[in-house]
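J.: give me a 3D structure for the following:
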Amino acid sequence: MLFRHILVAYDGSKQAVKALEKAVGLVEACGGGTKLTVVHILNLAPIMTGDMLFAPTAAMETLAVERAEAVVAEAKLKTAPVVRATVEMHLGTPAKMVLSLAEEHGCDLIVLGSRGLGKLREFVLGSVSQHVVQYAKIPVLVVK
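T.: Model prediction:
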């Protein structure tokens with residue numbers, strides 16, 4: 001068995017779909033003994049830009065939770081063929097939560113999609129995949 005437990009960060013984006021497909025393929029290639037955990041991280045934290053703070057309204061939070069539930073349902077459909085798969089939703093900062101959950105679950109591989117941000121946006125906003133690659137203590141597969 002190549003991997004015992006794979007964690008996939010899933011947000012429903014095109015890159016995340018590719019990452020999930022790659023992880024499912026890895027599980028199948030490992031002979032079915034590998035566990036797959038798919039996590040969706042809901043980030044409701046206020047956004048600070050310059051001197052301005054943007055906090056989500058109650059209506060925005062409700063929409064975000066509804067979208068998150070739809071993303072989780074979609075991930076469950078995509079992982080249905082995998083016997084040892086679970087899909088979870090957590091609240092927090094995506095990059096930090098992915099690292100924390102990988103450690104908590106005892107994963108030996110993290111798979112996530114590359115967002116393909118431009119250089120300026122990547123510099124200003126940071127990148128979940130970049131942060132995870134930099135700070136992970138286990139191998140990370142970034143799928144483009």
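
J.: which of the helices and strands in the chain ranks last by mean pLDDT?
T.: Scoring the helices and strands of the chain by mean pLDDT, DSSP states H and E places helix 119-125 at the bottom, with a mean of 48.

J.: tell me which residues of the next helix or strand after it are tucked away?
T.: Counting by DSSP states H and E, the next helix or strand C-terminal to helix 119-125 is helix 128-135. For helix 128-135, the neighbour count (16 or more other C-beta atoms under 10 Å) marks 128-129, 131-133 as buried. Placement of C-beta: from N, CA and C, glycine included.

J.: what lies in contact with helix 128-135?
T.: Applying C-beta atoms under 8 Å, 6 or more residues apart in numbering, the external contacts of helix 128-135 come out as 9, 94-96, 98-99, 110, 112-115, 122, 140, 142.

J.: can you lay out those residues as a markdown table showing distance to Thr79, secondary structure and neighbour count?
T.: As requested, these are exported to a markdown table (distance: C-beta to C-beta, whole Å; DSSP: H, G, I helix; E, B strand; the rest coil; neighbours: other C-beta atoms under 10 Å):
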| residue | distance to Thr79 | secondary structure | neighbour count |
| --- | --- | --- | --- |
| Ala9 | 14 | strand | 26 |
| Pro94 | 19 | helix | 20 |
| Ala95 | 22 | helix | 23 |
| Lys96 | 24 | helix | 14 |
| Val98 | 17 | helix | 27 |
| Leu99 | 21 | helix | 21 |
| Ile110 | 16 | strand | 26 |
| Leu112 | 15 | strand | 27 |
| Gly113 | 15 | strand | 24 |
| Ser114 | 21 | coil | 18 |
| Arg115 | 21 | coil | 19 |
| Glu122 | 29 | helix | 14 |
| Val140 | 20 | strand | 20 |
| Val142 | 20 | strand | 18 |
